[in-house]
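Student: Starting from these lines, generate the structure:
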Amino acid sequence: MSVDSPFVPVRRFDATSPLAAIVGGLNDWQPENLICYASMGRLLAEEQLAGRLRISPRAVMCSSEVLTPESRRRIRRAFGSEPFNVYAATEPAGIAAECERHRLHLFEDLVITEVVDERNRPLLAGEAGAKVLVTVLFSRTQPLIRYEMSDTISLSDSQCECGRTFGLVQEIDGRTEDVLLLTGTARATVSIHPNVFHRVLEPLPVKQWQLEQTSDRLTLRIVPGDTAVAPATIVADLQKVLLAAGARPPPIDVALVAAIVKSPLGKAPLIKAFRPNRSDDESSEGAARRPGHR
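Tutor: Sure thing, here's the model as predicted:
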């Protein structure tokens, strides 16, 4: 949940540890700054609102997963301030971070970030790319030149009011692997963007949710909150939005669970799409990445 630093005291909590252990450790530590995965940030916000977590961080920073508007709202309500979103990945480390105006600035002095289409052609500001190519300028051990990341983002050509001149990320949609491929109402395959599900599932009064696609169905796992949810209503709402998106809804199962199983890195992705040609490691953390070529 944090990184080691020679300048400030840091305590790291493993995101795969039981939630009660993390909450207890944070209560003892009383951090001034909280750095966590976006999914963990939402979980900790729920614990704070329930009174089990009792900390007062000056800032909350969320990274490595999509920070949805609803998660932002809950974190803001729990900790009294707007969380800062950090766009990062294991290979290049930090790519961008929000300023005090909560606009996402690229670290242009550390990483060259290219938003491109499927053929590695650069896109204009505002256009969502099929992938991102990153060139790391500070790594002296392992060069990374136009390293391909399967993220879907778009850039902005505007200037931030904070005065910083580094370029801006307009939106982070997630990974292309999060897009579900379903049979369309006209029998052709249609792509369903994660935002289709976010609109239905994010407002639910639950602690966590995860939608997983298998070869013939969708399974929605829900960690209940204090308010009861109606699985039949959720299924009906999902079927409605899928039909509106041109897809033929597959069978949808809803399972109420005590916790969402995390990946080996401690992440809890909201969407897990089915890709029959991927290995287990790739499906848990995203498809393998490779250097981009012109």
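
Student: And the protein, what are its domain boundaries?
Tutor: Following automatic domain parsing, the chain resolves into domains at 1-82, 86-175, 180-272.

Student: Just the CA atoms from stretch 88-102 would do, formatted as CSV, please.
Tutor: Extracted as CSV, the C-alpha positions of stretch 88-102 are listed here (Å, rounded to 0.1, in the frame of the first residue of the first chain):
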residue,chain,number,x,y,z
ALA,A,88,1.4,4.1,-12.9
ALA,A,89,2.4,0.6,-14.0
THR,A,90,5.0,-1.9,-12.8
GLU,A,91,7.4,-1.5,-15.7
PRO,A,92,7.7,2.3,-16.1
ALA,A,93,6.6,3.2,-12.5
GLY,A,94,4.8,6.6,-12.4
ILE,A,95,3.5,8.0,-15.7
ALA,A,96,1.2,10.8,-14.5
ALA,A,97,-0.3,12.2,-11.3
GLU,A,98,-3.0,14.7,-10.3
CYS,A,99,-2.1,18.2,-9.2
GLU,A,100,-4.0,20.3,-6.6
ARG,A,101,-6.6,21.0,-9.3
HIS,A,102,-7.0,17.2,-9.7
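
Student: okay, now the closest residue in space to Q170 that isn't next to it in sequence: neighbour count?
Tutor: Excluding its sequence neighbours, the residue lying closest to Q170 (Cβ to Cβ, 6 or more residues apart in numbering) is S156, at 4.0 Å. Where you see a C-beta, it was placed from the backbone N, CA and C, and this is true even at glycine. Using other Cβ atoms under 10 Å, S156 has 15 other residues around it.

Student: Could you export the domains of the chain to a markdown table, including columns for mean pLDDT?
Tutor: What follows is the domains of the chain, written out as a markdown table (pLDDT from 0 to 100):
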| stretch | mean pLDDT |
| --- | --- |
| domain 1-82 | 89 |
| domain 86-175 | 92 |
| domain 180-272 | 91 |
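
Student: how about the helices of the stretch 151-294 of the chain, start to end?
Tutor: Taking DSSP state H, counting those that start in this stretch, the helices of the stretch 151-294 of the chain run over residues 194-201, 231-244, 280-285.
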